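>>> Here's a sequence, model it:
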Amino acid sequence: MVDLESEVPPLPPRYRFRDLLLGDQTLPSDDRVQIEFYVNENTFKERLKLFFIKNQRSSLRIRVFDFSLKVLSCILYICRVLDDSDNGYACWGCPTQNYTLLAIDWAPVIWVERSKMSLWILQVFVALICLSETILLTYLSYKGNIWEEILRITFMLEMVNTVPFLLTVLFAPLRNLFIPVFLNCWLAKHALENMINDLHRAIQRTQSAMFNQVLILITTLICLMFTSICGIQHLERAGNKLSLFDSFYFCIVTFSTVGFGDVTPNIWPSKLLVVIMICVALVVLPIQFEQLVYLWMERQKSGGNYSKHRAQTERHVVLCVSSLKIDLLMDFLNEFYAHPRLQDYYVIILCPTEMDVQVRRVLQIPLWSQRVIYLQGSALKDQDLFRAKLDNAEGCFILSSRCEVDRTASDHQTILRAWAVKDFAPSCPLYVQILKPENKFHVKFADHVVCEEEFKYALLALNCICPATSTLITLLVHTSTGLEGQQSPEEWHRMYGRFSGNEVYNIILQDSVFFSDYKGKSFTYASFHAHKKYGVCLIGVKQKDKKSIRLNPGSHFTMSCTDTCFYINVTKEENSIFKAQREESRRGSKKTHLPMHSILASMGTVAIDLQDTSSRPSWDSTLNLPCDSSRTGRKSSIAPVMEVEDTSSLHTCDLSSDQSEDETLPSCEDLSTEGFVKGYPPNLPYIGSSPTHCHLLKEKVPYCCLRLEKECTHNQYEDAKAYCFKNKLVIVSAETAGNGLYNFIVPLRASYRPKRDLNPVVLLLDNKPDANFLEAICWFPLVYYMVGSIDNLDDLLRCGISFAANMVVVDKESTMCAKEDYMADAKTIVNVQTLFRLFSSLSIITELTHPANMRFMQFRAKDCYSLALSKMEKKERENGSNLAFMFRLPFAAGKVFSIGMLDTLLYQSFVKDYIITITRLLLGLDTTPGSGFLCAMTITQEDLWIQTYGRLYQKLCSSIGDIPIGIYRTELLDCESCEGRQSQLSVSVDDFEESQEQKEAREHCSSGKRVSHTSSSSETPSDSRPLLHRKSIQWARRLSRMGARPASRPPERTSQQRTGLPPRSERQELAELVRNRMKNLGLSVEGCDEMNESLSSHSYILINPSPDTRLELNDIVYIIRQDPLSFEPDKLESRTSSFGNSQWITERT
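Residues are numbered from 1 along each chain as shown. Below you'll find the model as predicted:
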């Protein structure tokens, strides 16, 4: 190897440090050569070219000067025409001459009168400058072909207008020679175009093609008109001697195709000029108009620009989407503009695709055309973001395309858009929608992020614990006035619609009328008395020095004047006025004033009237028990809610089912849960997943044991029935085991749920899960998976659907994209309808891509009541309701859900920056120390002594510190109410053929009382007569009601009567089919749910009902329970049951 040090020459002797810095000039062997760059630009020609052409700013000044000279020459020509006289026409210093040819005296055409020398001198000076500039620019732009420069139109026009002036200087008799200086208008047009181009180059801004084309068209029209006016006026000097104004009048009348005929050319040269100018106009103008129309159409597609002036004077938001559908657009606009303070905002839509026909039609409506601007462009291009003036925007919404086949690729596009927006406008608030939870941490910098799969699976899981949680959250995050259904004859429509107007609002305690009186009081005291007095439900609080929001921090929390209160009400407090009536004394005692909770919530001010309830029965804070209170052992009253925490007054009850009950009350039934511990899951499936305190196994389960239908070395079970589960199953049908499915398991295994109430979870997957997902779920107890499809009855039976409590059908990603948008749910709907017919007692919760398809869930073609609801939905949509689908029975009951309904969660966060945080806390996606959680309780027969919702509120606050927020109510449709509803809703029933289950419902519901669907569905009919005898009596009664109608029996019934076999209903045939199939598969049919004739019922939600709302049997109350970890152990030991056998809802059968 060559020594590198030997190649470095040694330093010369006495080499100083100064020589290292300044260089050594004494070295004789210095071979360095000095190079001078850009030598060509040092020449005189290059310097001139740099000044006149290359440099944008100096070139712009030259263009402006050139344009000014051309315009000045045209003005001087007009002055010369106005100063012209008819004293005779000849050369300078010559007598009047006459050049007659072809019957025309050409002397007035060739010669003009230049009486003012100053005007001639000024014209000569301008011509000299223009000629010099033209020659110089021609020399600088010469590239080897001189004829190319000489034969240019602009060069020839310049020579015609300037060289004759030089001849008049050299030869005096030619001073009166006519020179067509008016042709300089075309040179001015050319200079103006060059000036605009240099202007855009100088300011480094992309020019507008539309502006340039309009400028070209206008200047072309001006030049044509000016040339015609001056040419006709000069030629007519040998004819009618038209003035300049007469020529202008003639050109306007001619070019406008009016043609009065009062002023016309007299000689043929002027007529020929008119013909030539018309031909030129017919050729040039259509070309210009065609280019303008083409650019206009292209601009309509791209949407144009949002001007900087408007961006500085107006407020706007930017909506970035990859593809814009009409449903997405209308949901955004309706929710965004539902807030009064956003009425003056503009919405700029930035989309890379061309505007859809339906979207174009909607944006032409005056309501939206003045407030919505569509720009075709990409968020990854700075010029498009500049067109949208994103740096001046109040916010930017970036939405993902959920209908893409590859949802991961859709998330990647969203992430790039978010990065591009943050790079272009760092201070612009960012609202991002992401699909996959594993991609959420890439957009963590955004102000607000909504992960679709996180919310979706958490909602579906809570639907299995708290019925209709999806409907509850959807109603809370939608903007509504509470006027939906108020014109309906149905009482439940009016109640359901009125209370659906409740939303979540916030206010600082010291600024509030609702809560200012409760400074220094406990949270539960403030919540109860605010609901009792004003009808508002206080659910959470945020302290000034802390960023976290706490739901129901508990009775130990003391309210401060700087705390921010979060409450549920029909409108925010700022839009309310308070009218308190005088308290009227009756019989020497004061009566309690209850609020009128049916508040008219509109865009304006809302009045809250505190009505006197002297005509109603009133209840004090202590309620006397019924006469059998001694037998039940209840207290004689409800304890008052304490202003400050008092540990001696805190009670627990079976209603709450304390989370430590499993440890304090061991039994033989809990032996199967001895291997459970509480802790945080050791393996989170993705980055950004919030750890939740859960029930876990002491040792993780081997992967082979997680598969339900495959036996392994650890167990020999091959179906769900063989496991002998104590609780009913929760089955989830999904296409793949994505990371979002983890959020379905966590709420069902949360530590606040009692161990004995844990339902086994079976994941029915189309594809086998990967090892990472199995590693995440192997620590959870009673969680299994099975590879199968919802299309296959055998797979359903093996996974235990015959004795399951809930079946959750998740929308498959592969079916979200269809040629016809609304057909994406076709397969899911048909499969769920099959399950509904096969397993009528099964609670099926379905996710759909499009909310409009929920009308097909549990579809009955001849159900008059459903048809009436369909008409009602159309009327509500015509009235402008954002929740027209809310009266659909599957949605009201919480049996169907679409993630598209939660898009409003992101839209509302623009006004309510806290709404996403509160929703995540309610769903259990985030956990905050000291914050409560959402759960539910049921009202049993022994709890009806409480009577009203307000007294229940007091009972919960005074005993265990829980905050109720709503009621889930189920009602039966008895025969009388059904007939009344059909007549009131004007539904024809002539062609309606009652189904077997509705006939049985008439016998069960003869008393007309409301009972729960779950409790009444298990009752057996009291009539013990033979089936055939009962059916014959029902058939005879039906014939008597229908009167004389043509007798037509179905062929099946006729054949059955001929053979003498008793008729079988369709439900019985399906039940027999399922049993036979289970026998063929070797499955035990023992304990399989019988397909009972289910009664026709409907369920709905009352959010924050008024205190005087009556409680009914089997009502399910949503409550926000305080964090059990916030109490000390000694307080938990002192809790005892205070009323009834109310239970925590964990399942519904």
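>>> can we go C-alpha only for contacts and neighbour counts from here?
Noted.
>>> so who does Arg1110 touch?
947-949 (C-alpha atoms under 8 Å, 6 or more residues apart in numbering).
>>> Tell me which of those residues fall in strands.
In strands, judged by DSSP state E, none of the contacts of Arg1110 are found.
>>> what's the closest of those to Asp757?
Tyr949 (26.4 Å; C-alpha to C-alpha).
>>> For stretch 324-338, give me every contacting residue.
342-343, 351, 355-356, 358-359, 478-479, 882, 903-904, 907-908.
>>> Can you add neighbour count, pLDDT and distance to Tyr496 and give those back as JSON lines?
Compiled in JSON lines, the contacts of stretch 324-338 are given as follows (neighbours: other C-alpha atoms under 10 Å; pLDDT from 0 to 100; distance: C-alpha to C-alpha, whole Å):
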{"residue": "Leu342", "neighbour count": "14", "pLDDT": "89", "distance to Tyr496": "28"}
{"residue": "Gln343", "neighbour count": "11", "pLDDT": "88", "distance to Tyr496": "28"}
{"residue": "Cys351", "neighbour count": "22", "pLDDT": "91", "distance to Tyr496": "38"}
{"residue": "Met355", "neighbour count": "20", "pLDDT": "84", "distance to Tyr496": "38"}
{"residue": "Asp356", "neighbour count": "14", "pLDDT": "83", "distance to Tyr496": "36"}
{"residue": "Gln358", "neighbour count": "11", "pLDDT": "87", "distance to Tyr496": "33"}
{"residue": "Val359", "neighbour count": "16", "pLDDT": "88", "distance to Tyr496": "33"}
{"residue": "His478", "neighbour count": "24", "pLDDT": "88", "distance to Tyr496": "14"}
{"residue": "Thr479", "neighbour count": "25", "pLDDT": "84", "distance to Tyr496": "15"}
{"residue": "Asn882", "neighbour count": "19", "pLDDT": "74", "distance to Tyr496": "15"}
{"residue": "Asp903", "neighbour count": "21", "pLDDT": "86", "distance to Tyr496": "22"}
{"residue": "Thr904", "neighbour count": "18", "pLDDT": "88", "distance to Tyr496": "20"}
{"residue": "Tyr907", "neighbour count": "21", "pLDDT": "90", "distance to Tyr496": "24"}
{"residue": "Gln908", "neighbour count": "21", "pLDDT": "89", "distance to Tyr496": "22"}
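>>> would you turn these into a markdown table with distance to Leu889 and secondary structure?
Output for these, formatted as a markdown table (distance: C-alpha to C-alpha, whole Å; DSSP: H, G, I helix; E, B strand; the rest coil):
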| residue | distance to Leu889 | secondary structure |
| --- | --- | --- |
| Leu342 | 33 | helix |
| Gln343 | 33 | coil |
| Cys351 | 36 | strand |
| Met355 | 36 | coil |
| Asp356 | 33 | coil |
| Gln358 | 30 | helix |
| Val359 | 30 | helix |
| His478 | 18 | coil |
| Thr479 | 21 | coil |
| Asn882 | 17 | coil |
| Asp903 | 22 | helix |
| Thr904 | 22 | helix |
| Tyr907 | 26 | helix |
| Gln908 | 26 | helix |
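>>> want to try a markdown table for these, with distance to Phe67 as columns?
Listed next are these as a markdown table, based on distance: C-alpha to C-alpha, whole Å:
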| residue | distance to Phe67 |
| --- | --- |
| Leu342 | 48 |
| Gln343 | 47 |
| Cys351 | 41 |
| Met355 | 41 |
| Asp356 | 45 |
| Gln358 | 48 |
| Val359 | 45 |
| His478 | 61 |
| Thr479 | 59 |
| Asn882 | 59 |
| Asp903 | 56 |
| Thr904 | 56 |
| Tyr907 | 53 |
| Gln908 | 55 |
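>>> Specify which member of those is nearest to Arg63.
Distances from Arg63 to the contacts of stretch 324-338, taken by C-alpha to C-alpha, are shortest for Cys351, at 38.6 Å.
>>> Now do the same contact list for Leu342.
Leu342 sits next to Phe336 when contact means C-alpha under 8 Å, 6+ apart.
>>> Send me whichever strand or helix holds Ile121 as CSV with only the CA atoms.
Per DSSP states H and E, Ile121 falls inside helix 117-140. Extracted in CSV, the C-alpha atoms of helix 117-140 (Å, rounded to 0.1, in the frame of the first residue of the first chain):
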residue,chain,number,x,y,z
MET,A,117,-45.5,72.6,-35.9
SER,A,118,-45.3,71.6,-32.2
LEU,A,119,-47.6,68.6,-32.8
TRP,A,120,-45.5,67.5,-35.7
ILE,A,121,-42.3,67.9,-33.7
LEU,A,122,-43.7,65.8,-30.9
GLN,A,123,-44.8,63.1,-33.3
VAL,A,124,-41.4,63.0,-34.9
PHE,A,125,-39.7,62.7,-31.5
VAL,A,126,-41.9,59.8,-30.4
ALA,A,127,-41.4,58.1,-33.8
LEU,A,128,-37.6,58.4,-33.4
ILE,A,129,-37.6,56.9,-30.0
CYS,A,130,-39.8,54.0,-31.1
LEU,A,131,-37.6,53.3,-34.1
SER,A,132,-34.4,53.3,-32.1
GLU,A,133,-36.0,51.0,-29.5
THR,A,134,-37.2,48.6,-32.2
ILE,A,135,-33.8,48.5,-33.9
LEU,A,136,-32.0,47.9,-30.6
LEU,A,137,-34.4,45.1,-29.6
THR,A,138,-34.1,43.5,-33.0
TYR,A,139,-30.4,43.5,-32.7
LEU,A,140,-30.4,42.0,-29.2
